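J.: could you work out the structure for the sequence below:
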Amino acid sequence: MQVKENYAKQTWAQELYCELMSMYRAADFYNQHPEIESRQHYMECLKRNYDQILEKGAAQNPLPEKESVL
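T.: Sure, this is the predicted structure:
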């Protein structure tokens, strides 16, 4: 986890790592138990969390504005 280790102020990086691990574990679990009906709801919740974490990262690291060539 290079970003977390090298840039301690990038708190979103650890959150993203944890969220990705949760998504991985959930996908694995639901693939082993396809009879469980809460899969879609749970995965949607994880995706919302993922999107919120990415927004935090983008807020902490905004893209520089492009300079006009004209």
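J.: find the centremost residue of this protein, please.
T.: By Cα atoms, centre = their mean, the chain has its centre lying nearest to Y50, at 3.4 Å.
J.: tell me the secondary structure for that one?
T.: helix (DSSP: H, G, I helix; E, B strand; the rest coil).
J.: list the contacts of it.
T.: Y50 is in contact with L16, E19, L20, M23, counting by Cβ atoms under 8 Å, 6 or more residues apart in numbering. C-beta coordinates here come from the backbone N, C-alpha and C atoms, glycine included.
J.: so what's the residue count around the closest residue to N49 other than its chain neighbours?
T.: Spatial nearest neighbour of N49, chain neighbours left out: E19 (5.5 Å); criterion: Cβ to Cβ, 6 or more residues apart in numbering. The local packing of E19 (other Cβ atoms under 10 Å) involves 19 other residues.
J.: now the host helix or strand of E19 - C-alpha only, PDB.
T.: Element membership of E19, judged by DSSP states H and E, is helix 11-32. Only the C-alpha atoms of helix 11-32 are listed here, as PDB (Å, rounded to 0.1, in the frame of the first residue of the first chain):
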ATOM      1  CA  THR A  11      -6.300   9.000   4.700                       C
ATOM      2  CA  TRP A  12      -8.600   7.900   1.900                       C
ATOM      3  CA  ALA A  13      -6.000   5.300   0.700                       C
ATOM      4  CA  GLN A  14      -6.400   3.100   3.700                       C
ATOM      5  CA  GLU A  15     -10.100   3.400   3.500                       C
ATOM      6  CA  LEU A  16     -10.000   2.400  -0.200                       C
ATOM      7  CA  TYR A  17      -7.800  -0.600   0.600                       C
ATOM      8  CA  CYS A  18     -10.200  -1.800   3.300                       C
ATOM      9  CA  GLU A  19     -13.200  -1.300   1.100                       C
ATOM     10  CA  LEU A  20     -11.600  -3.200  -1.800                       C
ATOM     11  CA  MET A  21     -10.800  -6.100   0.600                       C
ATOM     12  CA  SER A  22     -14.400  -6.100   1.800                       C
ATOM     13  CA  MET A  23     -15.700  -6.200  -1.800                       C
ATOM     14  CA  TYR A  24     -13.300  -9.100  -2.500                       C
ATOM     15  CA  ARG A  25     -14.500 -11.000   0.600                       C
ATOM     16  CA  ALA A  26     -18.200 -10.300  -0.200                       C
ATOM     17  CA  ALA A  27     -17.900 -11.400  -3.800                       C
ATOM     18  CA  ASP A  28     -16.100 -14.600  -2.700                       C
ATOM     19  CA  PHE A  29     -18.700 -15.300  -0.100                       C
ATOM     20  CA  TYR A  30     -21.700 -14.700  -2.400                       C
ATOM     21  CA  ASN A  31     -20.100 -16.800  -5.100                       C
ATOM     22  CA  GLN A  32     -20.000 -19.700  -2.700                       C
END
